[in-house]
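Undergrad: the amino acid sequence is not available; the structure is as follows:
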C-alpha cells in the first residue's frame, strides 16, 4: 500500500498549473491567460489507486531567487518539508525559458517529475519535442500532458507515485562540448554541470560546509546557493573563507545548457506563431492601442447595460409573480400579517430587487472573462504603462484596476503581483474607486429613474469618474512622494488564444455563485435588519417609518449629508447599510419605500414619486450615484485591504480617505449643480 | 547603444545590464543573459518596448530598456 503524498505544482507563471490542479481535483479555481492569476497557494485532493494524495497549487515563479511576493510564497513552500514530490509544470510551447526553473529545481534533489504541458499547442505549431532525449538530459521523468484537454493525467500521477522516493536522478547521458579536466566527472550524476572553475569552488565549499555543518543534506545545492550569494544560506551557514558571487555566471551557464537541450530536443524551433504578432501590431499600436482599449471597454459596458436590461425584465416579471403568489399563499394560510410584511416587503423586496440585476452582472463578467482568457490583460499593462508611469506606478498596476470593474476583492489581491510594497499600497488605495459590479444596480436603477434616455450616459459617466478619481489620487500621491518612485514595467505577454469555453464558464459561474450567495446572506440579512429597523421604534411595531429606529439613526447624521445633496434620512440609512455590500443601497431603498419590485417600470415610477415628494431631484440622484461610487467599499473589501496590507492603521486610513474623497467630490458636484438649477 | 533606441523588427545582442541587483537577477532568470539576442516587436516613443526574448514576448518599461546595453545584430 503506498502512502499519501503531498504533491507540489510549481512552474513559471501562466504555464497551466492551476488548470492542471483543477483537472485533478475538480476545483474551480480561477484560471486566465495572463501571468500572476494565482496569488495564494491552494490545496486539493486526488485519489489514485485507493490512496488520497494532497495536491498543492502554487503561484507561478520564474526562478527560486525571489523577486515578487508570489515568488517568495512558492519558493519557501517548495523548499520546506511540506512537499514530498515536486511536479514541475513546464509550458512545452515555451520550453527555453521554463527549463531555467527546472534546472534550479533539479538542484534541490527532491523527488521530481516534469509535466510537459500544452503539448497540443506544440503540435499545432508543427514543433516536436524529443521525449526520449529530454529525460535523458535532465535525469527525471518527463510526462506530456494537456491540462486543458485533460490528457495524460493518469500517466503523470503514475510517474509521481513511481518516483516518490527517488532522490538520485536517472542515468544522465550527456556529452559535453568541452572535455572537463575536473577531478570528478559530475556529468553522470548531475544534469547541470558548471565549468571547471565553478565546479572546483562548489567542491571546495561543499567540503567546508560538510566539515562545519555535517547535518546538511544535499550539500551541492547549498554550495551553489553559497556561490550565488544567497543571503539566507550565507547567513545560516557562515564559512571562514570569503567567496565572490558567481550568480551571473551560474545563470549564464544554466542558459547555455538549456540552449544545448533545446538544440537537441526541440525540432522546428523557429516556427512560432505569427498570429500573435499580427494581432499585437494593431492592439498594441502606439497610437491606436489606447483608443482600441477604450473602445473595448465602452463595448463591454454597453453590452452590460443594454443586453443585460433585456434579460433583467424577465427576471423582474418572475420575481413580481413570485411575490404576489407568495403573498396570496401566505394570506390564505392565515400567516401572521407581520411575518407576511417581513417576507414580502423585507426579504423579497430586498433580495429580489438585487437578483433582477443578475443578467447585467453575468454579461459584465462574461466580457471580463473573455478579456482575461484571450491574453489581452498583459497588453493593457503595456498600453497603459506611459500613463501609469507618470503616476509613479508601473503599467502592471493597471491590471488590478481593470479587474476592479468586476469585483474589488480579487482586484486588490491581484496587486500582489506588483514588485514593491509601496506600489501595492498605492494600488490598493485607488482600486476601490474603480466601479465594481456591485455598484451597477445603483447606477441602473437611479439613472433609469431620473435620466430617461440619457440613463446610459449617466451610468457611463460613473465609470469614467471612478477612473479619473483613481488617476488623480495616484498622481497626488506621486507628487507627495516627490516623484521618486521608478517602478519599471516587466510583464510577460502570452500568446493570444481563443478563450476556452470551460474557463469562461467557470469564471462566470463562480461569480454568479458569489453574487447569489451574497444575495442569500449579506443582502438577505441586511434586508431583514433594515425592515426591522424601519418598522419598529421604542414603542414597538410602527407603520410610520419616520419614527422608526432607522429614521432616528439617519436623522442623527443627516446634517452631514445635506451639503452634498443627500440630506434625506432614508438615503442616509441606505448609504450606511451599503457598507455591508453596495447592492444593499438598492435593496434597502426597496425596503425603505416598500417597493416589492424596484427594478420594474411600476416600481421605479413609485419610487421616483416617493422621492419627488421629498424634493429629491435628478441632481440629488446623480450625487447619490457619485457618493456610492466613491465612498467606503464594501465590508469584504475592507477586510481584504486589512489582510493584504497587514495594517489596521493603513486600512482605517484608506476608509477615512475614501469617505472624505466621496464627500468632497459630491459636495462640489452638488454645489456647482445647484448654480444651474 | 541602449535597447530603448532600438528599431521595431530589428534584433540586438545584450552586452550589459545596468540595473539594481534584484531586477538584473530577475531579467537574467527570464533569460536575459549576456550575448543573448533580443528582437524588438514594438517601441513606443518613450522606449516602452515589447521584446521577444528566447521565444517569449515581454513588455518592458523604458526605465529598464534604457539600462540595457546592446549592439545591433548583423543582418543575416
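TA: Arrived safely. The structure displayed is predicted, hence computed values, not measured ones.
Undergrad: counting by contacts, list what the longest helix along chain B packs against.
TA: Counting residues, the longest helix found in chain B (DSSP state H) is helix B:21-29. Using 3 or more CB pairs under 8 Å, 6 or more residues apart in numbering or on different chains; DSSP states H and E as the contact criterion, the neighbours of helix B:21-29 among helices and strands are helix A:247-265, strand A:490-493, strand B:11-17. Any C-beta I mention is one placed from the backbone N, CA and C, and that applies to glycine too.
Undergrad: tell me which of the ones you listed is the most buried.
TA: strand A:490-493 (a mean of 24; mean count of other CB atoms under 10 Å in any protein chain shown).
Undergrad: what residues sit buried inside the following helix or strand past it?
TA: Going down the chain from strand A:490-493, the next helix or strand is helix A:501-518, by DSSP states H and E. Within helix A:501-518, the residues that count as buried by 16 or more other CB atoms under 10 Å in any protein chain shown are A:503, A:504, A:506, A:507, A:508, A:511, A:514, A:515, A:518.
Undergrad: and the residue of the stretch 51-200 of chain A found nearest chain B, how many residues sit next to it?
TA: Relative to chain B, the nearest point of the stretch 51-200 of chain A is residue A:63 (3.7 Å; CB to the nearest CB). Residue A:63: 21 surrounding residues under other CB atoms under 10 Å in any protein chain shown.
Undergrad: how about it: what's its closest non-neighbour residue?
TA: Closest residue to residue A:63 apart from its sequence neighbours, by CB to CB, 6 or more residues apart in numbering or on different chains: residue B:29 at 3.7 Å.
Undergrad: neighbours of residue A:477, just the number please.
TA: Counted with other CB under 10 Å, the neighbours of residue A:477 add up to 18.
Undergrad: re earlier: tell me the average confidence for the longest helix of chain B?
TA: Averaged across helix B:21-29, pLDDT comes to 87.
Undergrad: equivalent analysis for stretch A:210-222, please.
TA: For stretch A:210-222, the per-residue pLDDT averages 88.
Undergrad: buried residues, it. List them.
TA: A:216, A:219, A:220, A:221, A:222.
Undergrad: which of those sits closest to chain B?
TA: residue A:221 (17.0 Å).
Undergrad: residues in contact with the closest one?
TA: A:107, A:108, A:109 (CB atoms under 8 Å, 6 or more residues apart in numbering or on different chains).
Undergrad: burial count for the second one?
TA: A count of neighbours around residue A:108, defined by other CB under 10 Å, yields 16.
Undergrad: identify the residue nearest residue A:433 in space, chain neighbours excluded?
TA: residue A:470 (4.2 Å).
Undergrad: show the contacting residues for residue A:362.
TA: A:308, A:508, A:511, A:512.
Undergrad: try 10 Å this time
TA: A:304, A:307, A:308, A:311, A:437, A:508, A:509, A:511, A:512, A:515 (CB atoms under 10 Å, 6 or more residues apart in numbering or on different chains).
Undergrad: which element follows the helix or strand where it lies toward the C-terminus?
TA: Using DSSP H and E, the element containing residue A:362 is helix A:358-374. Where DSSP H and E defines the elements, the next helix or strand beyond helix A:358-374 is helix A:376-383.
Undergrad: for that following helix, name the packing helices and strands.
TA: helix A:274-283, helix A:288-332, helix A:358-374, helix A:398-403, strand A:490-493, strand B:49-53, strand B:56-60 (3 or more CB pairs under 10 Å, 6 or more residues apart in numbering or on different chains; DSSP states H and E).
Undergrad: so which of those comes closest to residue B:21?
TA: Residue B:21 sits nearest to strand A:490-493 of all the helices and strands packed on helix A:376-383, at 14.9 Å, using CB to CB.
Undergrad: neighbouring strands of the closest one in the sheet, and parallel or not?
TA: According to DSSP bridges, strand A:490-493 forms sheet pairs with strand B:56-60 (antiparallel).
Undergrad: next, the buried residues of the worst-scoring helix or strand of chain B on mean pLDDT.
TA: The helix or strand of chain B with the poorest confidence is helix B:21-29; it has a mean of 87 (mean pLDDT, DSSP states H and E). For helix B:21-29, burial by neighbour count (16+ other CB under 10 Å) applies to B:23, B:24, B:25, B:26, B:27, B:28, B:29.
Undergrad: following element in sequence after it, please.
TA: strand B:37-43.
Undergrad: so what strands line up beside that following strand?
TA: strand B:11-17 (antiparallel), strand B:49-53 (antiparallel).
Undergrad: and residue A:89, which of those strands is closest to it?
TA: Closest among the strands paired with strand B:37-43, using CB to CB: strand B:49-53, at 20.9 Å.
Undergrad: next one: that closest one to chain centre, how far?
TA: Centroid separation for strand B:49-53 versus its chain: 7 Å, with CA atoms, centre = their mean, to the nearest Å.
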